[in-house]
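Trainee: The sequence isn't on hand, but the structure is:
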C-alpha cells in the first residue's frame, strides 16, 4: 500500500474521517520525526490495533524553551517516509508550523499536577506545548487509537490526562521502551552523541537495571534505589538532572522517608555533555531494562 | 417533538453523533440555564441553521472566582426545560459537576491576548474556565453550529479563538443582544435586581445609545464616547468597573489618543449595588441599542 503524504490539516482530517466512513479504524502515531526503531515499533503496534495507520511528523516549537534544541533537532523527512511506508503507515501528516499555529494563535492546553514534576519541573512550559499540539492532532484525527512510547513516560501520563479531561474520543496506548542492544533507550536525540558519549550514555540504563534488581530483591527504601542510578552516572561523569521515584499514575513523588509500594516509576534525566537524555522503568511492572533490550531487539 | 434530557456526557455525545449519522445537522446552544428570551432567541437561531438543536445547561464552576456568585447563580431547571422544549430544542444536556470535571481533572484551556483585557483583566481565570468547558462541550457535540449571544461579546471572541486554534469542527455564530423593552440587555443576573435597581440599570444601555449616536454623527475621539457612558452611569450612581473602546476582532484597546476606525467595540461593566452587569455595542455595525430592543422584542 502506498503512503499518502498530507501537508494540509483539513485534508488530513478529511482522510482520517474517510477511514471511519468506510468502516475502518484508525491508529495514530504522533512523532517529531527522525524516526528510529522505537517509532517503527509504535507504528507496528498501531497497525495491530487498527485497520489504517496515520503517523504525524511535526517538530513542535511550543514544547521547546528558547534555550533548547528546536533549531538543531534532527529532520530526516526522506528517510522517515521510507521507514513509515515500510512499517505500513497509510497516511503521513507533515504540516509546517503555520499550519498548526496560524498567525494569531494564542490557545494553549495546560495540565497541572502530573505535568508539574520531573521533566515539567525542569522544562517550564514543555508539557503545555505537548498538550496543545496533541490536542490539535487528536481533534484533526478524530476517533482513533493513539500509540505513544513509554520512554516519554510523563508525556504519556499528561496525554492520558488531556484525553480524559477534554473527553476526546481517543484510546491512548503506551508502548514499552525500545532499547539498543546495549540498553540505551532509543531516542532521536541519540544522534547528537559522539561514539565516546554513546558509550558513556549506557550508564543510565545500567543504573536503572541495578535499581530494578534491588527492587526485585525486596528493597523498598528510596535512597538505595536512587543511589544505584547516581553511582552508575557518576562512574561515567554524566550530569544528573533528576532521579526520582513517583507513584506510577499520579506521578506524586516519593520522598526519602517513603516506603515504596509494589509498583513505582523510577525516572531519570541526565546530561551526556550537552545532550539531555531521559529514561525510566516502572518497578514492579516492567522487565529489567537490560533484559528488555533483548526482548525488543 | 419531545425534548430528550441527558445527564451523561457519553450518551449526549452519542446522540449528537446519531443526528449526523442520520444525515441531520446539529445546532448547539451552550448555556448556564436560568433561561430568558435571549437564550430562546439563540435556540431559534440554532433551529434555523440546523435540523436538530442541542442545548446545554451547566453552571460551570471553573469560570467563577472564589468571591463570585457560583453558589447563588439562579438555577431554574423545570422552567428551563419548558422553555427549551417550546423553542424546539431536541436534546438538553444537563450534566452535574463531576460529569464535566471528574476527580483528578487538571486540564485547562487558556487563551491569551483576546482573553486578557476587559472582563479578562478584572476576572482572572474566568475565560480559562469558559474556554475549558466550551472545549469539552464542543468535543462531546462534534461537528455542529454553535450559537452564542453577543451580550458576552468577549466570550464569543475567546470561543472563536479556541475553535480556530484547536481546529475544532465547529461553526461559531454570534447572535445580536436581546434587550428588555427599556433597553436593558437580557441576562440571567438581572434576576438579582430589585425593582429600583432594575430601573437604575437602564443607565448602561442609555449610555451606550448616546455613545452610538455621537459615533454615528461622526465622533471618532475616545473620551467623548466613553463620557457618554460614564455620565449616564453617574446619574444613577452605578459603579463603573470599566468602559473601553477596542478593535472589534482582536479586542486591542484604543487609548485616549486614538482616533477610532469605522468599526469599534464599546464595552461596559458596572455594578448596580452588588450585581455586576455587562453590555456592549459594536459602533459602526450594530443598531442603536435602544432601537435594537424594539427590533428584537
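Mentor: Right, received. Where do you want to start? Note that the coordinates shown come from a computational prediction; the quantities given were computed from them, not determined experimentally.

Trainee: Every contact and neighbour count from this point should use C-alpha atoms.
Mentor: OK.

Trainee: Now do the helices in the stretch 151-297 of chain A.
Mentor: In order along the chain, the stretch 151-297 of chain A carries the following helices (DSSP state H, counting those that start in this stretch): A:153-166, A:195-200, A:202-216, A:222-235, A:289-295.

Trainee: what would those look like in CSV with mean neighbour count and mean pLDDT?
Mentor: Putting those into CSV (neighbours: other CA atoms under 10 Å in any protein chain shown; pLDDT from 0 to 100) gives the following:
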stretch, mean neighbour count, mean pLDDT
helix A:153-166, 22, 98
helix A:195-200, 14, 98
helix A:202-216, 22, 98
helix A:222-235, 18, 98
helix A:289-295, 18, 72
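
Trainee: Show me how chain A divides into domains.
Mentor: Taking automatic domain parsing as the reference, chain A has its domains at A:4-175, A:188-295.

Trainee: and the last one with chain B, contact?
Mentor: Think domain A:188-295. No: Domain A:188-295 stays clear of chain B (CA under 8 Å from any CA of the partner chain), getting no nearer than 9.0 Å.

Trainee: Please apply the same query to the first one.
Mentor: Yes: for a cut-off given as CA under 8 Å from any CA, domain A:4-175 has contacts with chain B, namely A:100-102, A:105-113, A:132, A:135-136, A:139-140, A:161-162, A:164-168.

Trainee: Pull out the buried members of the residues you listed.
Mentor: Burial of these was assessed by neighbour count (16 or more other CA atoms under 10 Å in any protein chain shown); the buried members are A:100-101, A:105-113, A:132, A:135-136, A:139-140, A:161-162, A:164-168.

Trainee: For the stretch 1-150 of chain A, which residues score under the pLDDT cut-off?
Mentor: A:1 (pLDDT under 70).

Trainee: Break down it into its strands, ranges please.
Mentor: A:4-6, A:26-31, A:52-57, A:91-93, A:107-111, A:144-149 (DSSP state E, counting those that start in this stretch).

Trainee: which residues sit against the second one?
Mentor: Which is strand A:26-31. Contacts of strand A:26-31 from elsewhere in the structure, counted by CA atoms under 8 Å, 6 or more residues apart in numbering or on different chains, are A:16, A:19-20, A:39, A:42-43, A:46-47, A:49-59, A:134, A:137, A:141, A:143-148.

Trainee: For residue A:180, the count of nearby residues, please.
Mentor: Residues lying near residue A:180 (other CA atoms under 10 Å in any protein chain shown) number 18.

Trainee: Let me fix that, I meant to ask about residue A:71.
Mentor: Counted by other CA under 10 Å, the residues lying close to residue A:71 total 12.

Trainee: And residue A:62, by the same measure?
Mentor: Neighbours of residue A:62 under the rule other CA under 10 Å: 19.

Trainee: Also residue A:51?
Mentor: As a burial measure, residue A:51 scores 15 neighbours (other CA under 10 Å).

Trainee: The one 5 residues further on now?
Mentor: Neighbourhood size, residue A:56 [other CA under 10 Å]: 22.

Trainee: distance between the ends of stretch A:278-287?
Mentor: By CA to CA, to the nearest Å, the extent of stretch A:278-287 from end to end equals 18 Å.

Trainee: What average pLDDT does that stretch get?
Mentor: On average, the pLDDT along stretch A:278-287 is 98.

Trainee: For residue A:92, give its distance to residue A:54.
Mentor: When CA to CA is applied, the distance between residue A:92 and residue A:54 equals 6 Å.

Trainee: what does residue A:134 give?
Mentor: As for residue A:134, its distance to residue A:54 is 14 Å (criterion: CA to CA).

Trainee: got it, and residue A:64?
Mentor: According to CA to CA, residue A:64 stands 24 Å off from residue A:54.

Trainee: for residue A:71, same thing?
Mentor: Taking CA to CA, one finds residue A:71 at 26 Å from residue A:54.

Trainee: Enumerate residues external to stretch A:67-76 that contact any of its residues.
Mentor: Stretch A:67-76 is contacted from outside by A:33, A:34, A:35, A:59, A:61, A:64, A:188, A:189, A:191, using CA under 8 Å, 6+ apart.

Trainee: Adding neighbour count, write those residues out as JSON lines.
Mentor: As requested, the contacts of stretch A:67-76 are arranged in JSON lines below (neighbours: other CA atoms under 10 Å in any protein chain shown):
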{"residue": "A:33", "neighbour count": "22"}
{"residue": "A:34", "neighbour count": "20"}
{"residue": "A:35", "neighbour count": "23"}
{"residue": "A:59", "neighbour count": "21"}
{"residue": "A:61", "neighbour count": "17"}
{"residue": "A:64", "neighbour count": "19"}
{"residue": "A:188", "neighbour count": "18"}
{"residue": "A:189", "neighbour count": "14"}
{"residue": "A:191", "neighbour count": "13"}
